[in-house]
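**Q** Fold the following and give me the result.
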Amino acid sequence: MDHNIALITTIAAGFGLALIFGFIAERLKTPALVGYLLAGIAISPSTPGYVADVGIASQLSEIGVMLLMFGVGLHFSLNDLLSVKRVAVPGAIVQMAVATALGMTLASWWGWSIGAGLVFGLSLSCASTVVLLKALESRGFLETMNGRIAVGWLIVEDLVTVLILVLLPSFAAMLGGANENGNPTEPLWRTIGVTLLLVSAFIALMLIVGRRVLPWLLWQVARTGSREMFTLAVVAVAICIAYGAAALFNVSFALGAFFAGMVMRESKFSHRAAEESLPLRDAFAVLFFVSVGMLFDPAVLVDEPVRVLAVAAIIIVGKSMAAMLLVLILRYPLNTSLTVAASLGQIGEFSFILAGLGLSLGLMPAEGMSLVLAGALISIAFNPIAFAAITPFRNLILKHSALARKYENRDDPFAELPMSTERKFLEGQVVLVGYGHVGERIAQALNEKNIPFIVAEQNRELVQDLRKQGINAVSGDANEPSVLIQAHITDAAMLVIATPNPLNARHMIDIARTLNPDIEIVLHARSEDETKLLRKDNLGTVFFAEEELAKNMSHHILDRFDTKSGSKLSAH
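**A** The predicted structure is shown next:
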């Protein structure tokens, strides 16, 4: 009977120990992911006691990779990326290059080959999607400007890493690797050409055919009214496309699943698809991290402690410093640079996938995988400390560094309104905080009625685009008095808060009422509970109407302008 239950035993041991170690990790205020990795170490061949079936665990981890990448694709938004492209694209590419160079330098010092150093450096350069999203969400940063920059940065890293996963096997021979039979691979130009042709064919098929077929398929399944069928359809699409991509186009499971998720996002059921597949994705993600932990040899901590510390230093210090300096160079505030630095000072699932591929191609020694895993464990455990240290570290730097104060308070052409701004925009105007989906709809309504307004928006790139369109806008966090002052809040008639998280706007409202006691405040809530809290504290006129939110807020603002005869609101 024993040989028939290897799969069940492996799953039971993996889930059981993951639950125990994950629970302990959470109680210690450490990401549960650390506990999952420790569970894998506990049932690995490197530790005494029960040893799980490595082959079965490896296949289960492949399913985890498919579902993880499917989830990344479901959350991939081209619009989100484009909104922060001027900082996320160059920042991510340069930061990955710096981290890779540091890793290659370290590997070269140890006497490793160029190929081993390249794979090792690349493995240290990409942060964990799972760790980052959970860290930002738990701290309420996910929908802030800083959070959008960090997520956009990570999306670029993910795309670059996916491209590397596709091309690395083609370059294996040149870098010192071999194919599965141990023989040199085909001529490089032919291998790269065939690979790019197959990948292009798969991408074209997904974008041309998949964008029509998959949303239609979801619609047909949703019409049955069966939640079970809908969940089955989502999971079947993710795994079948990932497998088909690998079998027919020689594309990795990761890339196939990513494009399946990205195309599925085109459907109006994408949010439901993400919600329905989340439990299964989480479950197999746990098995993925457990299987990765099984590859770790704890002896490296004893045999090579200096190397482990060097790897951790590159991830936590080197990557973070590179990201922080790049954000500052791109003229973003110190707080933004510290948030991005803390977000990226860790590695995770893509690092494991890259290192595993390098191992299978014969490019990187087994010690490299253990060092990558050790660096991941240390950096993930340290990540909550890095986030908690953002505010005190920022205050400390500003207190003792004149250069930091200079960067924090440096002149920004978009932080002030142009001197040529017409007078009608400086008195009796609407100050609109936030230019997302709701804010944009409100701005359109104000424009149609020729009602003057000024936009206050954290996204510096968006402010630049708004000014090109002839819209008056200032860049900065409206929770800072200087930003509201630049928007002429003292003479404004109304403050409209269209940010994603209105509960964080209390400080902004206090500042506005201090500077202008008579100002009218309008804001929105995302739920009935938020509505009750905002109305209880008498923060202003609150709207909660789901899809009609922007329309209702716009009608209210326009009505106030029409009905307040003789006031500032009707002056224009």
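**Q** so the nearest residue to Arg265 once chain neighbours are set aside is in which element?
**A** In space, and not counting its chain neighbours, Arg265 is closest to Leu74: 5.6 Å by CB to CB, 6 or more residues apart in numbering. Yep, even glycine has a C-beta here, placed from its N, CA and C like the rest. For Leu74, the host element (DSSP states H and E) is helix 54-75.
**Q** Could you pull out the buried residues of that helix?
**A** 56-57, 60-75 (16 or more other CB atoms under 10 Å).
**Q** With stretch 40-49 instead?
**A** Gly40, Ile41, Ala42, Ile43, Ser44, Ser46, Thr47.
**Q** Span of it from start to end?
**A** When the termini of stretch 40-49 are compared using CA to CA, to the nearest Å, they are 12 Å apart.
**Q** Please verify my assumption that the residue nearest to Arg265 contacts Gly261.
**A** Yes - using CB atoms under 8 Å, Leu74 is in contact with Gly261, at 4.2 Å.
**Q** so what's the backbone phi/psi at Ile454?
**A** phi -130, psi 130 (degrees, to the nearest 10).
**Q** pretty sure it contacts Val474?
**A** Yes - contact status for Ile454 versus Val474: in contact at 6.8 Å, counting by CB under 8 Å.
**Q** C-terminal to the top helix by length along the chain, what's the next element?
**A** Identified as the longest helix of the chain according to DSSP state H is helix 145-171. Using DSSP H and E, the helix or strand that follows helix 145-171 in sequence is helix 188-205.
**Q** how about that next one: buried residues?
**A** Neighbour count says helix 188-205 has Thr191, Thr195, Leu198, Val199, Phe202, Ile203, Leu205 buried, by 16+ other CB under 10 Å.
**Q** what do you get for stretch 209-217?
**A** Gly210, Arg211, Leu214, Pro215, Leu217.
**Q** Of the residues you listed, which pair is most distant in space?
**A** Spatially, the most separated pair among those is Arg211 and Leu217, at 11.6 Å (CB to CB).
**Q** hmm, back to that, report the contact partners of the residue nearest to Arg265.
**A** For Leu74, the contacting residues are Gly261, Met262, Met264, Arg265, Ser270, Ala273, Ala274, Ser277, by CB atoms under 8 Å, 6 or more residues apart in numbering.
**Q** in the protein, which spans are strands?
**A** Counting by DSSP state E, the chain has strands at residues 430-433, 453-457, 473-475, 494-497, 520-524, 541-543.
**Q** Domain-wise, how is this structure divided?
**A** With domains defined by automatic domain parsing, the chain comprises 53-395, 423-570.
**Q** How far away from the center of its chain is the first one?
**A** It stands for domain 53-395. Domain 53-395 sits 11 Å away from the centroid of its parent chain (CA atoms, centre = their mean, to the nearest Å).
**Q** tell me the mean pLDDT over it?
**A** Across domain 53-395, pLDDT averages out at 82.
**Q** how deep is Met494 tucked in, by neighbour count?
**A** Applying other CB atoms under 10 Å, we find 24 residues neighbouring Met494.
**Q** Beta-bridge partners for it, please?
**A** Going by DSSP bridges, Met494 is paired in beta bridges with Val430, Glu520.
**Q** For it, list the residues it contacts.
**A** Per CB under 8 Å, 6+ apart, neighbours of Met494: Val430, Val431, Ile519, Glu520, Ile521, Val522, Ile557, Arg560, Leu569.
**Q** Tell me how far the most centrally placed residue in the chain lies from Ala322.
**A** Residue closest to the average C-alpha location in the chain (CA atoms, centre = their mean): Val151, at 2.8 Å. The gap separating Val151 from Ala322 is 18 Å, by CB to CB, to the nearest Å.
**Q** re earlier: looking at the buried residues of stretch 40-49, spot the one nearest Pro169.
**A** Nearest to Pro169 among the buried residues of stretch 40-49, counting by CB to CB, is Gly40 at 25.6 Å.
**Q** Chain neighbours aside, what residue packs nearest to the closest one?
**A** Closest residue in space to Gly40, ignoring its immediate chain neighbours: Gly293 at 2.1 Å, by CB to CB, 6+ apart.
**Q** Looking at the buried residues of helix 188-205, which one is closest to Glu461?
**A** Using CB to CB, the buried residues of helix 188-205 come closest to Glu461 at Ile203, 27.5 Å.
**Q** That closest one: what's its closest spatial neighbour, skipping adjacent residues?
**A** Per CB to CB, 6+ apart, closest to Ile203 is Phe259, 6.7 Å.
**Q** Then Gly540?
**A** Once flanking residues are discounted, Gly540 sits nearest to Ile521: 3.1 Å by CB to CB, 6+ apart.
**Q** Could you check how far that neighbour is from Arg441?
**A** To Arg441, Ile521 is 19 Å away according to CB to CB.
**Q** Which of these two has more residues huddled nearby?
**A** The neighbour count for Ile521 versus Arg441, taken as other CB under 10 Å, is higher for Ile521 (19 against 16).
**Q** any idea how far the more buried one is from Asp559?
**A** For Ile521 relative to Asp559 (CB to CB), the value is 16 Å.
**Q** I'd like the strands of the chain as TSV, with distance to Lys424 and mean pLDDT appended.
**A** Formatted as TSV, these follow (distance: least, CB to CB, whole Å; pLDDT from 0 to 100):
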stretch	distance to Lys424	mean pLDDT
strand 430-433	12	90
strand 453-457	10	90
strand 473-475	16	89
strand 494-497	14	88
strand 520-524	18	83
strand 541-543	24	73
